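J.: structure, please.
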Amino acid sequence: MAPGPFNIAISAPGFAAQAVTGELHAGEAYTVPPVTLVISTVTTEVDVTMSHVEIAEAQIKEEEKQRVLGFVPNYYVSYVPDAASLNTKQKFELAWKTTINPITFALTGAAAGVEQMQDQYGGYGQGAQGYGKRYGATYADVVTGNFIGAALLPSLFKQDPRYFYKGTGSKKSRVLYALANSFITKGDNGKWQPNYSGLMGSMAAGGISNLYYPASDRGAGLTFENVAITIAAGSAANILQEFLIRKLTPNTNSSGPHP
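T.: This next block holds a predicted model:
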């Protein structure tokens with residue numbers, strides 16, 4: 001090397017580079033001191049995100065905390081407008097949890113009691129036996145409605161069985177929205193579409209009810225009566241959801257994980 005300043009760079013893959021500098025004089029023999037390379041520091045950025053199924057599961061857990069007056073389940077309402085769609089397993093699990101909830105049994109008992117007082121479906125008779133038959137029929141309606149209209153058909157048609165709370169706009173627009181939700185629903189793709197699941201589920205449940213209602217009450221009339229009752233009850237429930245039920249429901253959550 002020619003005399004003068006010098007700079008020696010030492011590097012190896014995976015190690016931090018080192019440099020040795022100095023000045024070489026004429027006729028000088030220069031010995032470079034030992035150089036130790038250290039392993040280089042690698043910064044790795046990890047982006048952790050939840051999967052679509054995990055987001056939906058987290059949102060369901062929040063919905064399961066929604067209880068009117070603190071104890072009546074309000075599972076089938078989403079206060080998250082862009083909630084993640086449910087997969088088939090989640091739809092059936094939600095239907096199952098609703099069906100076996102103690103409040104469902106209590107409300108079924110109350111409905112059967114009203115029917116007995118009014119002597120509806122007289123073929124069942126009166127007394128404990130008549131009440132038991134009415135209770136069984138009413139609960140069977142709940143089971144078929146939940147599993148066919150809110151799980152099986154929504155899975156086949158890829159539709160969401162939940163009511164999506166609006167909460168904004170004029171009273172008229174919210175009433176119309178609530179009524180319309182008996183006939184339209186969100187698809188799993190997030191777009192609004194005809195509520196095939198709900199309407200066909202009501203007809204299927206009404207048709208199945210002909211298997212266990214008194215022979216004198218069976219027929220197409222029973223099927224369409226049950227469909228009309230289901231639509232009317234659903235519309236009324238939607239209106240209550242818009243204007244009253246949220247005020248009576250603690251632990252409602254409009255935030256949380258999003259898709």
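J.: and the strands in the stretch 1-150 of the chain?
T.: 4-10, 18-24, 67-68, 72-73, 77-78 (DSSP state E, counting those that start in this stretch).
J.: and these: which comes nearest residue 51?
T.: Nearest to residue 51 among the strands of the stretch 1-150 of the chain is strand 77-78 (18.7 Å), distances taken as C-beta to C-beta. C-beta coordinates here come from the backbone N, C-alpha and C atoms, glycine included.
J.: what about residue 236, how many residues nearby?
T.: Counted with other C-beta atoms under 10 Å, residues neighbouring residue 236 total 13.
J.: same check, this time on residue 172
T.: When counting by other C-beta under 10 Å, one arrives at 8 neighbours for residue 172.
J.: burial count for the closest residue to residue 38 other than its chain neighbours?
T.: Nearest non-adjacent residue to residue 38, counting by C-beta to C-beta, 6 or more residues apart in numbering: residue 16, 5.2 Å away. Residue 16 has 11 neighbours, counted by other C-beta under 10 Å.
J.: do the one 10 residues further on as well
T.: By other C-beta under 10 Å, the residues close to residue 26 number 7.
J.: and stretch 218-225, what's buried?
T.: Of the residues in stretch 218-225, 222, 223 count as buried by neighbour count, 16 or more other C-beta atoms under 10 Å.
J.: pLDDT at residue 46, what is it?
T.: Looking at residue 46, its pLDDT stands at 68.
J.: burial measure for residue 127, as a count.
T.: Neighbourhood size, residue 127 [other C-beta under 10 Å]: 9.
J.: one more: residue 57?
T.: Residue 57 has 18 nearby residues by other C-beta under 10 Å.
J.: surely it and residue 87 touch.
T.: No: using C-beta atoms under 8 Å, residue 57 is not in contact with residue 87; the gap is 9.4 Å.
J.: find residues that contact each of these two.
T.: Between them, residue 57 and residue 87 share no contacting residue under C-beta atoms under 8 Å, 6 or more residues apart in numbering.
J.: how close does the residue of the chain positioned farthest from its centre sit to residue 1?
T.: Largest separation from the mean C-alpha position in the chain: residue 27, at 83.0 Å (C-alpha atoms, centre = their mean). Taking C-beta to C-beta, to the nearest Å as the measure, residue 27 falls 12 Å from residue 1.
J.: what does residue 33 give?
T.: Per C-beta to C-beta, residue 33 is found 17 Å from residue 1.
J.: kindly report the same for residue 191.
T.: According to C-beta to C-beta, residue 191 stands 74 Å off from residue 1.
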